[in-house]
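Student: My questions are about this predicted structure, shown below with the sequence.
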Amino acid sequence: MEKDWSHLLEKMPLRLAPSMAKDHPNLPVVKEEGCYYYGVDGKEYLDFTSGIATTNVGHRHPKVVQAIKDGADSLAHGPSGVIIYESILKLADELAEILPGNLDTFFFGNSGTEAIEGAIKLAKHATKRPYIVSFIGCFHGRSMGALSVTTSKSKYRKFLQPTGSYQIPYANVSECPEGYDEEQYVVEQLEKDFKRLFNHQVTPEEVAAVIVEPVLGEGGYIVPPKAWLKKIREICDKNNILLIFDEVQTGFGRTGDWFAAHTFDVTPDIMAIAKGIANGIPLSATVASNELMKQWPLGSHGTTFGGNPIACSAALAVLEIIKEEKLLENTREVGAYAVEKLNALKEKHSVIGSIRSIGLMIGIEIINPATKEPNGDGLFKILDLALEKGVLFYFCGNNSEVIRMIPPLTVTKNQIDDGLAILDEALTEYEQSIGYELYETKGIGF
């Protein structure tokens with residue numbers, strides 16, 4: 001029988017900072033397993049969030065749990081550099097085998113934000129240049145260095161005035177004029193944006209790096225054309241600027257390949273990886289070639305907890321599971337199946353705008369049917385209805401208008417069916433609550 005901790009929930013507003021405790025939906029849970037959470041209310045919840053794209057091999061996968069237990073039997077803490085241990089060396093060796101190009105040397109940290117901080121510091125140290133260029137809408141973290149390149153929501157930067165960066169627009173095929181090739185359009189816009197930036201704001205000789213999410217994450221799950229990312233690589237090469245990929249969310253199978261760099265066939269100079277790397281145990285890495293990383297000498301960056309031996313053991317188990325259970329293939333197959341089902345729901349529900357997807361990184365835009373504008377308020381009502389029926393989704397987008405559907409990569413087609421059947425019910429209830437049937441009856445339509 002579960003211990004009653006309702007008295008602790010009551011104290012949550014007093015004990016946890018609002019910036020930590022006010023996320024959505026604050027579901028009290030007592031256990032996790034596979035693709036499910038188990039609530040303090042005794043209900044089972046199908047999880048389509050995987051800890052915000054973190055538990056990619058499913059919650060508490062037996063091999064990961066065993067790796068944690070075995071690791072704790074020998075070493076609980078590093079710190080790496082003061083001592084050295086097998087799990088960190090073996091993990092670096094195995095990661096070098098699956099990362100693209102010559103990305104083969106690692107600085108291990110604890111979080112995605114730390115990986116971004118490391119990437120920015122490495123780029124500036126190696127180039128001796130002061131500025132970073134990022135893209136409007138991208139999210140890279142909320143510590144001060146990472147925040148200087150984060151623009152998914154203005155509230156993250158409010159009162160903090162981060163400096164040292166310039167922003168240009170992310171790829172947006174929705175703005176493409178009718179009859180114009182979408183890929184050509186975004187590439188041409190990118191070239192114009194860089195030309196304007198270099199002519200009016202900062203010279204290319206002052207730019208250390210361009211940082212980009214190869215798929216826009218928290219900013220709305222926008223998937224750019226491959227040619228757009230290739231053009232960024234070309235512009236960086238032409239101006240001796242380093243290219244940083246933020247693969248914190250896209251990494252470890254989420255796009256259907258090991259990394260989005262593989263999916264788009266573009267290799268960056270520096271990569272930031274985290275989230276799915278250790279299936280929920282805090283671990284991250286800033287990754288570069290050995291040639292570049294050697295320019296970052298002892299003392300220029302450091303860590304006490306980074307590369308924790310237990311976390312490295314968990315990460316090794318994750319790599320083994322993804323290979324053994326063919327989760328890259330499952331991601332591509334089940335992801336395509338989910339999108340097919342969602343497109344059918346889009347035909348049925350006027351509150352669905354666009355479906356944005358790559359692998360099992362799926363965004364479902366919620367709009368006001370009358371105005372076609374993003375509808376964040378409606379989204380949260382839909383999420384609440386789905387949660388009441390037993391499915392947990394998350395959100396993203398500048399106006400919180402996109403349902404983020406990111407189940408573990410172990411998800412089955414049957415679980416997709418179960419979850420989307422409940423989403424269908426939630427959408428129907430929401431549409432009825434805003435007068436959907438009334439509009440149809442009067443022949444007005446949305």
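Tutor: Structure's in. What do you need?
Student: so where's this structure shaky on pLDDT?
Tutor: Low-confidence segments of the chain (pLDDT under 70): 1-2, 436-446.
Student: So what does the most centrally placed residue in it look like in phi/psi?
Tutor: Closest to where the C-alpha atoms of the chain average out (C-alpha atoms, centre = their mean) is Q249, at 2.7 Å. Note on Q249: its backbone torsions stand at phi -100, psi -30 [degrees, to the nearest 10].
Student: Not counting its neighbours along the chain, what's nearest it?
Tutor: Spatial nearest neighbour of Q249, chain neighbours left out: G217 (4.4 Å); criterion: C-beta to C-beta, 6 or more residues apart in numbering. C-betas here are computed from N, CA, C, even on glycine.
Student: before we move on, what about T105?
Tutor: M293 (4.0 Å).
Student: can you give me the strands in the stretch 201-350 of the chain?
Tutor: Using DSSP state E, counting those that start in this stretch, the strands of the stretch 201-350 of the chain run over 207-212, 242-246, 270-273, 284-288.
Student: residue contacts, G217?
Tutor: Neighbour list for G217: A53, C138, F139, S152, V248, Q249, T250, M361, C396 [criterion: C-beta atoms under 8 Å, 6 or more residues apart in numbering].
Student: And it, how close does it get to T255?
Tutor: Going from G217 to T255 by C-beta to C-beta, to the nearest Å gives 11 Å.
Student: okay, and the common contacts of the two?
Tutor: In contact with both G217 and T255: M361, using C-beta under 8 Å, 6+ apart.
Student: hmm, back to that, and the strands of the stretch 201-350 of the chain: which comes nearest S19?
Tutor: strand 284-288 (20.6 Å; C-beta to C-beta).
Student: Tell me the neighbouring strands of that closest one, and mark each as parallel or antiparallel.
Tutor: When sheet partners are counted by DSSP bridges, strand 284-288 sits next to strand 105-109 (antiparallel), strand 270-273 (antiparallel).
Student: In JSON lines, list the strands of the stretch 201-350 of the chain along with mean neighbour count.
Tutor: Formatted as JSON lines, the strands of the stretch 201-350 of the chain follow (neighbours: other C-beta atoms under 10 Å):
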{"stretch": "strand 207-212", "mean neighbour count": "26"}
{"stretch": "strand 242-246", "mean neighbour count": "28"}
{"stretch": "strand 270-273", "mean neighbour count": "28"}
{"stretch": "strand 284-288", "mean neighbour count": "29"}
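Student: first to last residue in stretch 16-33, what's the distance?
Tutor: From its first residue to its last, stretch 16-33 covers 26 Å (C-alpha to C-alpha, to the nearest Å).
Student: buried stuff in it?
Tutor: E32 (16 or more other C-beta atoms under 10 Å).
Student: Kindly report the same for stretch 248-267.
Tutor: Applying 16+ other C-beta under 10 Å to stretch 248-267 flags 248-264, 266-267 as buried.
Student: Just the ones of those residues in helices?
Tutor: A260, A261, H262, T263, F264 (DSSP state H).
Student: Out of those residues, flag the one nearest to E188.
Tutor: F264 (18.6 Å).
Student: distance of the closest one from C138?
Tutor: F264 is 15 Å from C138, by C-beta to C-beta.
Student: ditto for N239
Tutor: With C-beta to C-beta as the criterion, N239 and C138 are 20 Å apart.
Student: which of those two has more neighbours?
Tutor: C138 (21 against 14; other C-beta atoms under 10 Å).
Student: my read: the more buried one touches Y170, true?
Tutor: Yes - with contact defined as C-beta atoms under 8 Å, C138 reaches Y170; the gap is 6.6 Å.
Student: residues shared between the contacts of these two?
Tutor: What both C138 and Y170 touch, as defined by C-beta under 8 Å, 6+ apart, is the set V212, L216, G219.
Student: Just name the closest of the residues you listed to M20, please.
Tutor: Checking the shared contacts of C138 and Y170 against M20 by C-beta to C-beta gives G219 as the nearest, at 21.4 Å.
Student: Now for the closest one, how many residues are close by?
Tutor: Around G219 there are 22 residues (other C-beta under 10 Å).
Student: want to throw the strands paired with strand 284-288 into JSON lines with distance to S174?
Tutor: Below are the strands paired with strand 284-288 laid out as JSON lines (distance: least, C-beta to C-beta, whole Å):
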{"stretch": "strand 105-109", "distance to S174": "35"}
{"stretch": "strand 270-273", "distance to S174": "27"}
